[in-house]
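Peer 1: sequence first, predicted coordinates after that:
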Amino acid sequence: MKKFNYSEITPEKIYKKRRYFIKSFGCGLGSLSLGSLSLINNAFANVDKNQPTSFKNITTYNNYYEFGTNKNDPHLKSQSFKTKPWTIKIEGEIEKPLELSIEEILSSFASEERVLKLRCVEGWSMIIPWMGFSLNKIINKIKLKSNAKFVEFETIYDPEQMIGQRRPILNWPYKEGLRIDEAMHPLTTVVTGLYGKSLPNQNGAPLRIFVPWKYGFKSAKAIVKIKFVKDIPNTAWMNASPREYGFYSNVNPNVNHPRWSQASERPISDNIFSPRIKTLMFNGYGDEVSNLYSGMDLKKYF
Amino acid sequence: MLTQINLRYLKVIIFTLSLVPIFFIIYQIITNQLGPEPIKDITHHTGKWTLYFIVITLAMTPLKKITKSNIWINYRRMFGLFVFFYASVHLMTYVGLDYRFDLESIGDDIIKKKYIFIGFSAWLLLIPLAVTSNKRMMKILKEKWKKLHRLIYLISLFGAIHYLWLVKKDLTEPLIFLTIILILLAFRFRFKSNYFN
């Protein structure tokens, strides 16, 4: 898979105009006969690839069970969520535990635009122009103890504000984790914004993690704690169904999920003719990350 | 009492109303009102309406017994055919729109995913019912026709399980469906045992 470079991003305005054109075009075609379907397929196949998903879709179609289980719940129910003041505890197997305010983090580490692909375990994907920086920039400032093998990310627990947490849908607070070497990989991103703006609440404000070669649920949102630990963390979805969700959860078209096809995916798009695409190993980031797993049976460690 | 003509009108009205869900989704497609995953929306919409029509169809016989009126039976076949109609649109959305007739991937899905396997089985079982739904076939098959059409009990369970198996976490809605279908099926056994007593 191609890497997405900054230069490939279409500015949002131009991008939206394009979409408008495509939409009006699409409606007209819809009335044509079935025989021209393949023609339509080809016409649209060239359009959407590598184009960032629209801001609207990125910010209204979310899995964020803290705000409800419907895709539009997060954007509807997170608008009054308070992200200030916000502190992040860094603790566990490290020399000096510390607490950082979100302001300190934003001023100490410069965010850059990173266009990365999100593949949800449910079989859909988005291309998102995130703002952020590598997690290793934070980790490099900390002295890890030698027995720190994993890192655990914890989402805020606040059922007053997060109505989804009032029901035990998952084992709150949401926890996710990575092996230390995964966490140190430059593609593991601390996300602070998207489309050049600060991060919307529904996308995990004020700060989330994003691991592009793993299924979306590995990327914890609204993080309040980063904990370095000895043992493999008991993460939220693994806890809910260990048979379906493994600790690694690398995007892998060869490992089937009982419900969703992992061999292909639907890029998120308003266009009903937008075609399914093949899912790539490590979500297309194999060149960068496959060496992390050399010698591992990824069907066993799914 | 309803006259013969009124019954006719009623049938036309019910037929038209039964088509509203399909026109509704077509309208949404044309006016671009579906969300970021329009194919999923179409699939879910037609799938849900298949289940609604299964419930409606199964409710006709209990309603006949409860109200002691035969009027319900006039519409049972039509509702049953709408089950087949919505199930077919549902299947075609998946086969044609979602997978673009990529039969290899679809075959793979049917074998590997139990919810697709049971859903597809339910649709296959609907075919003989749709084919034999006319009066002529009723006459040809005689008593066998009734037996054959009891397949709808199995199909309805398959439909409910199909829904149950595909849900990720919140099982409330599929369980409601399953319960309603089980109640409607229980009616049949109750009447049967009454009959034998």
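Peer 2: Yep, it's here.
Peer 1: quick check: mean pLDDT of stretch B:85-101?
Peer 2: Over the span of stretch B:85-101, the pLDDT mean works out to 95.
Peer 1: try stretch A:195-213
Peer 2: For stretch A:195-213, the per-residue pLDDT averages 96.
Peer 1: neighbours around the closest residue to A:Leu170 other than its chain neighbours, how many?
Peer 2: Nearest residue to A:Leu170, sequence neighbours excluded (Cβ to Cβ, 6 or more residues apart in numbering or on different chains): A:Ala236, at 4.9 Å. C-beta: built from backbone N, CA, C; applies to glycine. When neighbours are counted by other Cβ atoms under 10 Å in any protein chain shown, A:Ala236 registers 23.
Peer 1: again with A:Ala183
Peer 2: Neighbour count for A:Ala183, taken as other Cβ under 10 Å: 21.
Peer 1: how about the contacts made by it?
Peer 2: By Cβ atoms under 8 Å, 6 or more residues apart in numbering or on different chains, the contact set of A:Ala183 is A:135-136, A:139, A:151.
Peer 1: let me have those in CSV, extended by pLDDT, secondary structure and neighbour count.
Peer 2: CSV is the format used below for these (pLDDT from 0 to 100; DSSP: H, G, I helix; E, B strand; the rest coil; neighbours: other Cβ atoms under 10 Å in any protein chain shown):
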residue, pLDDT, secondary structure, neighbour count
A:Leu135, 97, coil, 26
A:Asn136, 96, helix, 15
A:Ile139, 96, helix, 19
A:Val151, 97, strand, 26
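Peer 1: and which of the residues you listed is nearest chain B?
Peer 2: Nearest to chain B among these: A:Val151, at 25.6 Å, using Cβ to the nearest Cβ.
Peer 1: among the contacts of A:Ala183, which two are most distant?
Peer 2: Spanning the widest gap among the contacts of A:Ala183 are A:Asn136 and A:Val151, at 10.9 Å by Cβ to Cβ.
Peer 1: point to the residue nearest the middle of chain A.
Peer 2: By Cα atoms, centre = their mean, chain A has its centre lying nearest to A:Gly216, at 4.3 Å.
Peer 1: quick one: the residue nearest to A:Leu170 from A:Asn63, how far?
Peer 2: Look at A:Ala236 and A:Asn63: by Cβ to Cβ, to the nearest Å, they are 12 Å apart.
Peer 1: for A:Lys175, same thing?
Peer 2: 16 Å.
Peer 1: so which of these two has more stuff around it?
Peer 2: Between A:Lys175 and A:Asn63, counted using other Cβ under 10 Å, the more crowded position is A:Lys175 (21 against 18).
Peer 1: do you know the pLDDT at the more buried one?
Peer 2: For A:Lys175, pLDDT reads 96.
Peer 1: quick one: it and B:Ile66, what's the gap?
Peer 2: A:Lys175 is 52 Å from B:Ile66, by Cβ to Cβ.
Peer 1: what do you get for A:Leu292?
Peer 2: For A:Leu292, the distance to B:Ile66 - Cβ to Cβ - is 65 Å.
Peer 1: give the other helices and strands that the least confident helix or strand in chain B by mean pLDDT contacts.
Peer 2: Using mean pLDDT, DSSP states H and E, the weakest-scoring helix or strand in chain B turns out to be helix B:172-196, at a mean of 83. Counting by 3 or more Cβ pairs under 8 Å, 6 or more residues apart in numbering or on different chains; DSSP states H and E, the packing neighbours recorded for helix B:172-196 are helix B:38-67, helix B:151-166.
Peer 1: so what touches the very next helix or strand once past the first one?
Peer 2: Remark: after helix B:38-67, the chain's next helix or strand is helix B:73-92, criterion DSSP states H and E. With Cβ under 8 Å, 6+ apart as the test, helix B:73-92 has contacts from B:7, B:11, B:14-15, B:18, B:21-22, B:43, B:46-47, B:49-50, B:53-54, B:56-57, B:60-61, B:64, B:120, B:122-123, B:126-127, B:129-130, B:133, B:152, B:155.
Peer 1: buried residues in helix B:73-92?
Peer 2: Neighbour counts over helix B:73-92 (16 or more other Cβ atoms under 10 Å in any protein chain shown) mark B:75-91 as buried.
Peer 1: still on that earlier bit, taking helix B:151-166 as reference, get the angle to the least confident helix or strand of chain B.
Peer 2: Here helix B:172-196 runs at an angle of 160 degrees relative to helix B:151-166 (axes from the mean of the first three to the mean of the last three Cα atoms, to 10 degrees).
Peer 1: then stretch B:81-96 to PDB, C-alphas only?
Peer 2: Output of stretch B:81-96 as PDB, limited to C-alpha atoms (Å, rounded to 0.1, in the frame of the first residue of the first chain):
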ATOM      1  CA  LEU B  81     -44.500 -13.000  -0.200                       C
ATOM      2  CA  PHE B  82     -43.300  -9.600   1.100                       C
ATOM      3  CA  VAL B  83     -41.000 -11.600   3.500                       C
ATOM      4  CA  PHE B  84     -39.600 -13.200   0.300                       C
ATOM      5  CA  PHE B  85     -39.400  -9.900  -1.400                       C
ATOM      6  CA  TYR B  86     -37.500  -8.000   1.300                       C
ATOM      7  CA  ALA B  87     -35.300 -11.000   2.000                       C
ATOM      8  CA  SER B  88     -34.400 -11.100  -1.700                       C
ATOM      9  CA  VAL B  89     -33.600  -7.400  -1.800                       C
ATOM     10  CA  HIS B  90     -31.600  -7.800   1.400                       C
ATOM     11  CA  LEU B  91     -29.600 -10.600  -0.200                       C
ATOM     12  CA  MET B  92     -29.100  -8.800  -3.500                       C
ATOM     13  CA  THR B  93     -27.800  -5.700  -1.600                       C
ATOM     14  CA  TYR B  94     -25.200  -8.000  -0.100                       C
ATOM     15  CA  VAL B  95     -24.400  -9.900  -3.200                       C
ATOM     16  CA  GLY B  96     -24.600  -7.200  -5.800                       C
END
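Peer 1: tell me the gap between it and the middle of its chain.
Peer 2: Here stretch B:81-96 shows a centroid-to-chain-centroid distance of 10 Å under the convention Cα atoms, centre = their mean, to the nearest Å.
Peer 1: same question for stretch B:136-152.
Peer 2: 18 Å.
Peer 1: please apply the same query to stretch B:62-80.
Peer 2: For stretch B:62-80 - counting by Cα atoms, centre = their mean - the centre lies 16 Å from the chain centre.
Peer 1: quick check: the gap between the most centrally placed residue in chain B and chain A.
Peer 2: The structure's chain B has its C-alpha centroid closest to B:Val83; by Cα atoms, centre = their mean the separation is 3.1 Å. As for B:Val83, its distance to chain A is 24 Å (criterion: Cβ to the nearest Cβ, to the nearest Å).
Peer 1: what's the spacing between that residue and A:Ser108?
Peer 2: 62 Å.
Peer 1: looking at A:Leu292 and B:Ile66, which is more packed in?
Peer 2: Neighbour totals were compared for A:Leu292 and B:Ile66, and A:Leu292 leads with 16 against 11 (other Cβ under 10 Å).
Peer 1: could you look up the SS state of the more buried one?
Peer 2: helix (DSSP: H, G, I helix; E, B strand; the rest coil).
Peer 1: and the pLDDT at it?
Peer 2: 95.
Peer 1: quick check: it touching A:Asp181?
Peer 2: Yes: with contact defined as Cβ atoms under 8 Å, A:Leu292 counts as touching A:Asp181 (5.8 Å).
Peer 1: any idea which element residue 138 lies in?
Peer 2: Here I'm looking at chain A. helix A:136-139.
Peer 1: you looked at the wrong chain, it should be chain B
Peer 2: helix B:135-141.
Peer 1: low-confidence stretches in chain A?
Peer 2: Residue ranges of chain A with pLDDT under 70: A:1-49.
Peer 1: for it, what lies in contact range of chain B?
Peer 2: Proximity of chain A to chain B is confined to A:23, A:26-27, A:30, A:41, A:53, A:57, A:60-61, A:65, A:69, A:71-72, A:122, A:124, A:169-170, A:240, A:256, A:258-259, A:261, A:263-264, A:266, A:268-272, A:275-276 under the rule Cβ under 8 Å from any Cβ of the partner chain.
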